[in-house]
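Undergrad: using only what follows, build the 3D model:
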Amino acid sequence: MIEARLRLARRNFSLDVDLRLPDRGVTALFGPSGCGKTSVLRAIAGLQDAGLQGAGLLSVGRPAAEPSRAAGRVALGAEVWQDDALRRFVPTHQRPLGYVIQEAALFPHLDVAANLAFGQRRSGPAAQASGAFSLEAVVDLLGIAPLLHRRPATLSGGERQRVAIARALATAPRLLLMDEPLAALDARRKAEILPYLERLHLELALPIVYVTHAMDEVARLADHLVLMDAGRVLAAGPLAELLARPDLALARQDDASVVITARVAEHDRAYGLTRVVFAGAALWVGETAAAPGQSVRARVLARDVSVARQRPQQTSVINVLPVQLESLTLEHHTALLQLQVGQTGQPGPVDPPGPPVRLLARITRRSAEALALQPGDALFAQIKGVALM
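TA: Numbering: from 1, shown residues only. Prediction:
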């Protein structure tokens, strides 16, 4: 596990978190600007808090005793990087981690190959000998072989960020920290780099802590989610569980959604559709290039789900699933439903039952009252849109 018990107090902000993060997959720190996400990341790295850098710690009006970094404990497995109770602090350059920020921060006077070589030299002989992160493998993983002899000034924003990620991986880290790596990119460059981040997720047995305020990045990349606000952790846990919780602020947003991990079962080329299956149920989605058997993520927005007491007949909605109403939250003019998916009863292959899969549905309050909905009701969910991430 990655352990981070951190406290930081200054005049306009305080941080107080106690985190146990998984040592596999992508953990997303998510929340509004200024909530402490970057402070947590920098503390894990052993850096000064960004809010104090450049602010003049000893400047007029700022007390000299105000701390420059978070106090507490940081550990990766049995390796303790910080423990103030034991007066132990491992400096950043001695921690086996890679750090990627919004700006690529490449050396402008070096070509891409030389930038990567600089990162590789930092990894040390033991890490280089292990071959876990060979430079050739990193170059191939991020598709930057054609860029090796170019200078950073000749690269696009997406290309520069891929090189920055490759340089971080060239250090053979045991932990990769990414601070809003796509925030400085336009939509086109962001779409260009996301598939490479997915490859990191799928192909490297390396924990990644990923800071973002973009829900589409969370839905596409994260396995574990930490929700933060005002320097505190509101909730932490597996992505699918937190997204489906109606008591969290995420469920009140316009783009409230759930993410379902599914497997491609079949393609219907004639109609441009793909059938994906999960935990005893199935969905039809737009045709994907993924091969049968391949794992995919499907995102379902709450506003794209409606419910009926009887299975709809002669409907244009092709995804109709039996569900049970677990909870109903009345809002001003709407109602938010939490639904547990049941067996589909549809022909064709489905996966064996597994952990419960939940949907959110946002309907009008008038509809909820007209249907006299109560927790425990057996219903049918009509899913108008499913997006493969």
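Undergrad: Val40 against Ile2, yeah?
TA: No - counting by C-beta atoms under 8 Å, Val40 sits too far from Ile2 to count as a contact (10.8 Å). C-betas here are computed from N, CA, C, even on glycine.
Undergrad: what do the two both touch?
TA: Shared contacts of Val40 and Ile2 (C-beta atoms under 8 Å, 6 or more residues apart in numbering): Leu19.
Undergrad: between those two, which has more neighbouring residues?
TA: Val40 (27 against 18; other C-beta atoms under 10 Å).
Undergrad: dump the residue contacts of the more buried one.
TA: Val40 neighbours (C-beta under 8 Å, 6+ apart): Ala4, Leu6, Leu15, Val17, Leu19, Leu29, Ala70, Met228.
Undergrad: strands - which of those residues land there?
TA: Using DSSP state E, the subset of those located in strands is Ala4, Leu6, Leu15, Val17, Leu19, Leu29, Met228.
Undergrad: now do the contacts for the spatially most central residue of the chain.
TA: The centroid of the chain falls nearest to Ala222 when counting by C-alpha atoms, centre = their mean (2.8 Å). Ala222 is in contact with Gly25, Val26, Thr27, Ala28, Tyr210, Leu239, counting by C-beta under 8 Å, 6+ apart.
Undergrad: so which residues of the stretch 101-250 of the chain form helices?
TA: Secondary structure of the stretch 101-250 of the chain, counting by DSSP state H, counting those that start in this stretch: helices at 112-130, 135-141, 157-170, 187-203, 215-221, 239-243.
Undergrad: quick one: low-confidence parts of the chain?
TA: Judged by pLDDT under 70, the chain has its weakly predicted residues at 49-67, 123-133, 343-354.
Undergrad: ok so, going back, make TSV from the contacts of Val40 and add neighbour count and distance to Arg160 to it.
TA: Below are the contacts of Val40 laid out as TSV (neighbours: other C-beta atoms under 10 Å; distance: C-beta to C-beta, whole Å):
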residue	neighbour count	distance to Arg160
Ala4	24	29
Leu6	23	31
Leu15	23	31
Val17	22	31
Leu19	20	31
Leu29	32	23
Ala70	27	30
Met228	23	28
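Undergrad: okay, these in TSV with distance to Thr274 next?
TA: Formatted as TSV, these follow (distance: C-beta to C-beta, whole Å):
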residue	distance to Thr274
Ala4	40
Leu6	44
Leu15	44
Val17	40
Leu19	37
Leu29	32
Ala70	46
Met228	36
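Undergrad: rewinding a little: what two of the contacts of Ala222 have the greatest distance between them?
TA: Spanning the widest gap among these are Tyr210 and Leu239, at 11.6 Å by C-beta to C-beta.
Undergrad: between these two, what contacts are shared?
TA: Jointly contacting Tyr210 and Leu239 under the rule C-beta under 8 Å, 6+ apart are Ala28, Ala222.
Undergrad: which one of those two is surrounded by more residues?
TA: Neighbour count, other C-beta under 10 Å: between Tyr210 and Leu239, Tyr210 has more, with 26 against 23.
Undergrad: separation between the more buried one and Ser39?
TA: From Tyr210 over to Ser39 the distance is 15 Å, taken as C-beta to C-beta, to the nearest Å.
Undergrad: with Asp255 instead?
TA: Distance, Asp255 to Ser39, using C-beta to C-beta: 26 Å.
Undergrad: show me the contacts for Val138.
TA: Per C-beta under 8 Å, 6+ apart, neighbours of Val138: Leu116, Ala166, Leu169, Ala170.
Undergrad: can you list those residues in TSV and add neighbour count?
TA: Below are these laid out as TSV (neighbours: other C-beta atoms under 10 Å):
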residue	neighbour count
Leu116	22
Ala166	26
Leu169	28
Ala170	25
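Undergrad: can you give me the buried ones in stretch 356-375?
TA: Val357, Arg358, Leu359, Leu360, Ala361, Arg362, Ile363, Ala368, Leu371, Leu373 (16 or more other C-beta atoms under 10 Å).
Undergrad: would you map out the domains in this protein?
TA: 2-239, 251-388 (automatic domain parsing).
Undergrad: distance to Arg245 for those domains - can I get that in CSV?
TA: Below are the domains of the chain laid out as CSV (distance: least, C-beta to C-beta, whole Å):
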stretch, distance to Arg245
domain 2-239, 7
domain 251-388, 7
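Undergrad: picking that back up, which one of the contacts of Val40 is nearest Ile101?
TA: Nearest to Ile101 among the contacts of Val40, with distances taken as C-beta to C-beta, is Leu29, at 14.1 Å.
Undergrad: what residues are up against the nearest residue to the closest one once chain neighbours are set aside?
TA: Once flanking residues are discounted, Leu29 sits nearest to Lys37: 4.3 Å by C-beta to C-beta, 6 or more residues apart in numbering. Contacts for Lys37 (C-beta under 8 Å, 6+ apart) come out as Leu29, Phe30, Gly31, Val211, His213, Met228.
Undergrad: now do Arg252
TA: So Arg252 contacts Glu331, Leu336 (C-beta under 8 Å, 6+ apart).
Undergrad: with Gly385 as the reference, measure out to it.
TA: 20 Å.
Undergrad: do the same with Val138
TA: Taken as C-beta to C-beta, the span from Val138 to Gly385 is 37 Å.
Undergrad: not counting residues beside it along the chain, what's closest to Leu222?
TA: In this structure residue 222 is Ala, not Leu. Ala28 (3.8 Å).
Undergrad: again with Gly342
TA: Gly342's closest residue in space is Pro322 (C-beta to C-beta, 6+ apart), at 4.3 Å.
Undergrad: SS state for that neighbour?
TA: Put simply, Pro322 is strand when judged by DSSP: H, G, I helix; E, B strand; the rest coil.
Undergrad: tell me what it is bridged to.
TA: Beta-bridge pairing for Pro322 (DSSP bridges): Phe380.
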